[in-house]
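Visitor: Below is the sequence, then the predicted model.
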Amino acid sequence: MAEKQEPGSGIVKVVAASMAGTTVEWYDFFLYGVAAALVFPTVFFPGGPGADPAVGVLLSLGTFAVGFIARPFGGLVFGHYGDKIGRKTLLVISLLMMGIATFAIGLLPGYATIGLAAPLLLVVLRLVQGFALGGEWGGAVLIVSEHGDPARRGFWASWPQAGAPGGQLLANGLLTLLAVVQDEATFLAWGWRIPFLLSAVLVLIGLWVRLSVEESPVFRAAQAKAQERAAAGTADTMPILDVLRRYPREVLTAMGARFAENVSYYIFTIVVTTYVTTQLELPSSFVLGAVLIGAAVHFVTIPLWGALSDRIGRRPVYLFGAVGVGLWTFAFFALLDTRDFALTAVAVTVGLVLHGAMYGPQAAFLSELFGTTVRYSGVSIGYQLASILAGGLAPIIAVALLTTFDSGYAIAVYVALCAVVTIVAVATYSETGKRDLENDPALTRRTAG
């Protein structure tokens with residue numbers, strides 16, 4: 001059966017609802033990442049007299065990685081219930097969890113006030129953030145992918161992806177403003193808390209928009225068939241078990257596709273902050289401004305890459321991005337080392353544009369790998385498992401490489417190796433751009449074989 005087309009106003013409403021939530025959740029998530037590099041080493045991991053500041057940075061970035069460890073568990077739980085009861089309900093829950101955790105971080109006393117309890121509570125709240133985000137991404141991209149015209153799926157599904165740089169713009173913009181209008185002591189004392197507390201307002205806006213959308217027609221059709229099977233006495237297996245049994249290759253493909261995308265993004269937006277402020281000894285406002293410019297361009301170009309993937313296929317666009325970031329990262333650190341703001345902005349912007357060539361078509365590509373009854377679980381498992389091995393470890397590995405080799409080019413080699421993993425994963429899988437989401441890719445593959 002062909003996928004039903006959503007009226008233009010309908011798909012725009014769905015995209016707006018999905019993107020509003022993802023922007024808020026990525027704002028919360030990236031706000032933590034920037035604060036982990038700039039603020040948390042001092043507030044929560046100060047160490048004793050004469051302590052090496054790099055140790056505090058590593059400990060702080062370690063809590064950033066903790067969020068990635070929680071993401072697969074969030075993906076499993078949200079994916080299971082999202083495949084059983086629908087995408088919309090789980091998206092509302094994930095948004096509430098993320099907002100509450102972020103607001104609580106803004107109220108959390110520092111190490112000087114409550115001692116070891118401060119970093120321990122920070123880790124707990126970071127786990128909640130990671131758990132919520134683990135369930136957010138799959139539902140947000142699926143509710144868009146399963147609506148609308150399949151011929152433009154890459155374009156429409158890329159808009160929730162644009163929520164990542166949208167959240168980055170909000171997070172970095174507020175932090176940049178505060179860093180400019182406040183001195184360093186005031187910013188570290190209480191100024192950094194303002195963006196975390198403002199998350200409550202953004203969550204309310206996101207909830208208002210997200211509650212207005214309906215469940216996807218593709219899921220409703222699949223749910224009706226599941227009810228018919230249940231009435232006939234044929235019970236479906238758990239979605240997670242079905243994914244692991246029928247889609248092992250698709251899970252590995254999704255994980256491999258994420259390596260270069262996930263690692264490069266955190267190098268270009270998080271690690272760059274540590275590199276510029278510690279290695280090059282430049283003020284935080286310098287690098288935050290450069291990332292702000294890059295995020296703005298990134299936001300605009302992601303849907304363009306998604307639209308291009310509708311015309312020429314997911315694989316060519318994705319492979320261009322993977323090769324691009326693998327090569328550009330070497331130029332990226334060369335430009336940073338000039339200590340010139342314009343060249344630093346170019347370094348970040350070009351890196352993020354190339355990243356967008358993977359991130360734009362990624363939502364549609366991963367959605368097309370799995371059948372409807374297990375799609376939420378499948379994309380969540382593949383996406384979030386890769387987050388642990390790729391993005392979760394990227395800041396720690398990058399700082400360790402920088403400490404060991406005292407050169408950004410060691411980090412560039414690391415990104416290039418991750419690009420090779422992505423190139424192999426995407427190049428060895430068939431083109432998915434013309435797949436009907438109502439069909440079962442695993443069944444089609446077996447029939448073709």
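Guide: On my side now, so go ahead.

Visitor: Quick one: distance of stretch 97-104 to the chain centre.
Guide: Centroid separation for stretch 97-104 versus its chain: 17 Å, with CA atoms, centre = their mean, to the nearest Å.

Visitor: Give me the mean pLDDT for that stretch.
Guide: Regarding stretch 97-104, the rounded mean pLDDT is 88.

Visitor: Restrict that stretch to CA atoms and write it as CSV.
Guide: Provided in CSV are the C-alpha atoms of stretch 97-104 (Å, rounded to 0.1, in the frame of the first residue of the first chain):
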residue,chain,number,x,y,z
MET,A,97,12.0,14.7,31.8
MET,A,98,14.7,16.7,30.0
GLY,A,99,13.3,20.1,31.1
ILE,A,100,13.0,19.1,34.8
ALA,A,101,16.5,17.8,34.9
THR,A,102,18.0,20.9,33.2
PHE,A,103,16.1,23.2,35.5
ALA,A,104,17.3,21.3,38.5
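
Visitor: what residues does it touch?
Guide: For stretch 97-104, the surrounding residues in contact (CB atoms under 8 Å, 6 or more residues apart in numbering) are 24-25, 28-29, 31-32, 125-126, 128-129, 131-133, 136, 196-197, 199-200, 202-203, 206. Any C-beta I mention is one placed from the backbone N, CA and C, and that applies to glycine too.

Visitor: go with 7 Å
Guide: For stretch 97-104, contacts defined as CB atoms under 7 Å, 6 or more residues apart in numbering pick out 24-25, 28, 31, 125, 128-129, 131-133, 196-197, 199-200, 203.

Visitor: what residue lies at the spatial centre of the protein?
Guide: In the chain, the C-alpha nearest the mean C-alpha coordinate belongs to Ala164, at 6.3 Å (CA atoms, centre = their mean).

Visitor: Verify the stated contact: that one with Trp26.
Guide: Yes - counting by CB atoms under 7 Å, Trp26 is a contact partner of Ala164 at 4.7 Å.

Visitor: Which residue ranges of the stretch 251-400 of the chain form helices?
Guide: 272-274, 284-312, 314-336, 341-367, 375-387, 394-405 (DSSP state H, counting those that start in this stretch).

Visitor: ok, back up a step: which element is the residue nearest to the centre of the chain on?
Guide: Secondary structure assignment for Ala164, by DSSP states H and E: helix 163-181.

Visitor: what's the distance between the residue nearest to the centre of the chain and Gly33?
Guide: Look at Ala164 and Gly33: by CB to CB, to the nearest Å, they are 12 Å apart.

Visitor: Where is pLDDT lowest across the contacts of stretch 97-104?
Guide: pLDDT is lowest at Glu25 among the contacts of stretch 97-104; the value there is 71.

Visitor: wait, what's in contact with that residue?
Guide: 95, 98, 132-133, 136.

Visitor: nearest to Leu174, of those residues?
Guide: Distance to Leu174 across the contacts of Glu25 (CB to CB) is lowest for Met98, with 16.8 Å.

Visitor: Once you drop chain neighbours, what's closest to that closest one?
Guide: Ala132 (4.0 Å; CB to CB, 6 or more residues apart in numbering).

Visitor: Now do the same contact list for that neighbour.
Guide: Listed by CB under 7 Å, 6+ apart, the contact set of Ala132 reads 25, 74, 94, 97-98, 101.

Visitor: Same question for the helix or strand hosting it: list its buried residues.
Guide: Using DSSP H and E, Ala132 sits in helix 117-145. Neighbour-count burial for helix 117-145, counted by 16 or more other CB atoms under 10 Å, picks out 118-119, 121-122, 125-145.

Visitor: what number of residues lie near the residue lying closest to Val218 once chain neighbours are set aside?
Guide: Leaving out its chain neighbours, the residue that sits closest to Val218 by CB to CB, 6+ apart is Glu146, at 3.9 Å. For Glu146, the neighbour count with other CB atoms under 10 Å is 28.

Visitor: any idea of the pLDDT on Glu146?
Guide: On the pLDDT scale, Glu146 gets 79.

Visitor: is it true that it touches Phe219?
Guide: Yes - using CB under 7 Å as the test, Glu146 is close enough to Phe219 to be in contact (5.9 Å).

Visitor: Not counting sequence-adjacent ones, nearest residue to Ala410?
Guide: Closest to Ala410 by CB to CB, 6+ apart is Leu401, at 4.2 Å.

Visitor: what's the answer for Ala37, then?
Guide: Take Ala37 and drop its neighbours on the chain: the residue closest to it by CB to CB, 6+ apart is Thr273, 4.3 Å away.

Visitor: ok, that neighbour - contacts?
Guide: Thr273 makes contacts with 34, 37-38, 287, as judged by CB under 7 Å, 6+ apart.

Visitor: So which of those sit within helices?
Guide: Using DSSP state H, the members of the contacts of Thr273 that fall within helices are 34, 37-38, 287.

Visitor: export the residues you listed to CSV and tack on pLDDT and distance to Tyr318?
Guide: Output for the ones in helices among the contacts of Thr273, formatted as CSV (pLDDT from 0 to 100; distance: CB to CB, whole Å):
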residue, pLDDT, distance to Tyr318
Val34, 73, 27
Ala37, 73, 29
Leu38, 76, 32
Val287, 86, 28
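
Visitor: Now flag whichever of these is closest to Ala254.
Guide: Val34 (27.3 Å).

Visitor: Next, count neighbours for Gly33.
Guide: Count around Gly33 with other CB under 10 Å applied: 22.

Visitor: List the contacts of Leu211.
Guide: Val92.

Visitor: on that earlier part again, let me know the closest of the contacts of Ala132 to Val300.
Guide: Glu25 (20.5 Å).

Visitor: what's the distance between the closest one and Ser199?
Guide: 10 Å.

Visitor: same thing with Ala35?
Guide: The value you get for Ala35 to Ser199, if CB to CB is used, is 12 Å.

Visitor: Please read off the pLDDT at the closest residue in space to Phe44 that isn't next to it in sequence from the model.
Guide: Spatially, and ignoring its direct neighbours in sequence, Phe44 is nearest to Pro119 (4.8 Å; CB to CB, 6+ apart). On pLDDT, Pro119 comes in at 90.

Visitor: now swap in Leu170 and tell me
Guide: Reading off the model, Leu170 has pLDDT 84.

Visitor: where in the stretch 151-300 of the chain is pLDDT low?
Guide: 216, 222, 226-227, 229-237 (pLDDT under 70).
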